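Trainee: quick one, what's the 3D model for this:
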Amino acid sequence: MLKARYTMIGGFLGAGKTTAILAIAKRLTDQGLRVGLISNDQSVGLVDTTMFGAQGLATEEISGGCFCCKFDSLVQASERLTADASPNVFLAEPVGSCTDLQATVGYPLRKLYGEHFNVSPLSVLVDPIRAQRILGLLEGKSFSPKVSYIYCKQLEEADLIVINKCDLLEESDLDELQRELEQRFPQSEVLRISARHGDGLDQWMDRMEQEGPATRKIMDVDYDIYAEGEALLGWVNVSATLTGDDLDGNALLHELLTSINQQLNEQSIEVAHLKATLAPSEGLDLAVANVVRQASEVELAYELNAPIAAGQLLVNLRAEGDPQDLKSIVEDELQKVSSKFSANSEIRHAEAFRPAPPQPTHRVTCAD
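Mentor: Numbering: from 1, shown residues only. Here you go, the predicted structure:
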């Protein structure tokens with residue numbers, strides 16, 4: 001029996017992991033392969049899971065903690081996908097604030113479940129402008145040192161550092177960023193892609209089909225700094241029902257994220273990722289909008305095909321700020337924007353919290 005390939009695609013919040021996974025899943029499906037997707041977050045109500053499901057792909061969601069802390073749930077999700085869809089390839093997206101994935105997920109999978117999976121090299125995606133700021137190549141607001149510690153640890157453990165959204169930078173700036181990444185993280189291979197436009201995906205997929213390094217020294221991680229860095233991030237999930245007459249859902253979603261982002265900017269709160277979906281109550285249509293850093297524009301990645309009378313809104317905000325303050329911003333702006341569009345909004349679920357300290361199920365310090 002052929003073993004399934006297990007591919008984990010990490011990277012900090014807003015790096016474009018979900019878009020990249022969907023692009024790869026489509027290419028694999030077009031090749032006749034069966035794909036199973038696993039999303040992951042600290043809580044329920046994920047925009048990512050909604051996007052995966054809207055594409056008709058077999059999907060499992062692991063909530064309530066990262067893969068490393070929910071390792072048994074990860075294995076059980078893989079077993080359910082195997083029973084339902086027999087994937088040739090698993091694509092797993094860990095929480096964007098998680099690191100130490102080689103020691104706590106990749107190596108345990110090889111050691112304990114190696115008869116079931118071929119584990120791909122660990123890919124870590126980066127948003128190029130975020131990377132420029134954290135590495136000191138570009139001025140602009142960034143995260144505090146403990147959050148940046150997590151960001152750099154993600155790069156340190158990567159087999160493949162994948163610069164996503166290459167269309168955002170000039171060639172000379174990309175060259176400078178790649179040189180900096182190669183100098184600081186010499187153990188990693190650096191690739192360039194644009195998941196949105198398909199550039200570089202074939203080369204990246206070829207590399208992921210290879211086995212990860214057989215032996216590699218596991219990096220040191222200060223779990224106190226790691227926990228303190230994660231706890232500086234506020235996590236907000238809000239879901240609501242919108243109703244109205246011939247609502248322009250695309251314009252409403254764009255206006256809502258623009259208004260939330262404006263409030264965050266005015267309060268000097270650094271956005272890690274702000275994303276939202278709006279799905280009509282009937283049918284499979286979906287609008288998706290993103291903001292991936294402070295002062296960046298709202299990207300409407302997918303648009304509804306027609307006005308709607310009712311729909312389900314889902315907003316996920318991850319930012320360096322007090323969770324309750326972030327939740328208030330989302331709720332207040334939702335009410336203002338709903339009123340502006342003559343829509344009624346009923347919040348069905350709202351939560352705000354800081355991630356708990358990571359407590360991995362396993363930590364394997366050698367791939368052998």
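Trainee: wait, a strand at residue 153?
Mentor: No. Using DSSP: H, G, I helix; E, B strand; the rest coil, the secondary structure at residue 153 is helix, not a strand.
Trainee: correct me if wrong: it contacts residue 219.
Mentor: Yes. With contact defined as C-beta atoms under 8 Å, residue 153 and residue 219 form a contacting pair (6.8 Å). The C-beta positions use only the backbone N, C-alpha and C, and glycine is treated the same way.
Trainee: show me whatever sits in contact with both of these two.
Mentor: In terms of C-beta atoms under 8 Å, 6 or more residues apart in numbering, residue 153 and residue 219 are both contacted by the residues residue 100.
Trainee: who has more neighbours, those two?
Mentor: Neighbours around residue 153 and residue 219, counted as other C-beta atoms under 10 Å, are more numerous at residue 153. The numbers are 22 against 14.
Trainee: tell me the pLDDT of the more buried one.
Mentor: The per-residue pLDDT reported for residue 153 equals 98.
Trainee: in which helix or strand would I find the residue located most distally from the centre of the chain?
Mentor: Note on the chain: the largest C-alpha distance from the chain mean falls to residue 245, namely 33.6 Å (C-alpha atoms, centre = their mean). Residue 245 is located in strand 234-247, with elements delineated by DSSP states H and E.
Trainee: in that strand, what's buried?
Mentor: Neighbour counts over strand 234-247 (16 or more other C-beta atoms under 10 Å) mark 234-240, 242, 244, 247 as buried.
Trainee: go ahead and confirm residue 178 touches residue 192.
Mentor: Yes. A contact is recorded between residue 178 and residue 192 when judged using C-beta under 8 Å, the distance being 7.0 Å.
Trainee: and those two? which has more neighbours close in?
Mentor: Between residue 178 and residue 192, counted using other C-beta under 10 Å, residue 192 has the larger neighbour count: 20 against 17.
Trainee: which residues sit in contact with that one?
Mentor: When contacts are counted by C-beta under 8 Å, 6+ apart, residue 192 is found next to 162-163, 166, 174, 178, 199-200.
Trainee: can you pull up the bridge partners for it?
Mentor: On the basis of DSSP bridges, residue 192 is bridged to residue 163.
Trainee: repeat that for residue 8.
Mentor: Per DSSP bridges, the residues bridged to residue 8 are residue 92.
Trainee: report pLDDT for it.
Mentor: 96.
Trainee: over to residue 366?
Mentor: As summarised for this prediction, residue 366 has a pLDDT of 66.
Trainee: what's the strand holding residue 245 packed up against?
Mentor: Where contact means 3 or more C-beta pairs under 8 Å, 6 or more residues apart in numbering; DSSP states H and E, strand 234-247 is packed against strand 308-320, helix 323-340, strand 344-353.
Trainee: what mean pLDDT does the helix or strand following that strand get?
Mentor: Heading C-terminal from strand 234-247, the first helix or strand you meet, by DSSP H and E, is helix 249-266. Confidence over helix 249-266 (mean pLDDT, whole number) is 97.
Trainee: for helix 249-266, buried residues please.
Mentor: Using 16+ other C-beta under 10 Å as the test for burial, helix 249-266 gives 249-261, 263-264.
Trainee: also stretch 28-48?
Mentor: By neighbour count with 16+ other C-beta under 10 Å, stretch 28-48 contains the buried residues 28, 35-43, 45-48.
Trainee: straight-line length of it, end to end?
Mentor: Length of stretch 28-48, first residue to last, C-alpha to C-alpha, to the nearest Å: 19 Å.
Trainee: helices and strands around the least confident helix or strand in the chain by mean pLDDT, which ones?
Mentor: Within the chain, confidence by mean pLDDT, DSSP states H and E is lowest for helix 47-54 among all helices and strands, at a mean of 79. Here helix 47-54 touches helix 17-30, strand 35-40, strand 58-62, strand 270-280, strand 308-320, going by 3+ C-beta pairs under 8 Å, 6+ apart.
Trainee: now the angle from it to strand 234-247?
Mentor: Between the direction of helix 47-54 and that of strand 234-247, the angle (axes from the mean of the first three to the mean of the last three C-alpha atoms, to 10 degrees) works out to 50 degrees.
Trainee: how does this structure divide up, domain by domain?
Mentor: 4-228, 232-353 (the TED database).
Trainee: so where's the stretch 101-250 of the chain shaky on pLDDT?
Mentor: Residues of the stretch 101-250 of the chain meeting the criterion pLDDT under 70: 211-215.
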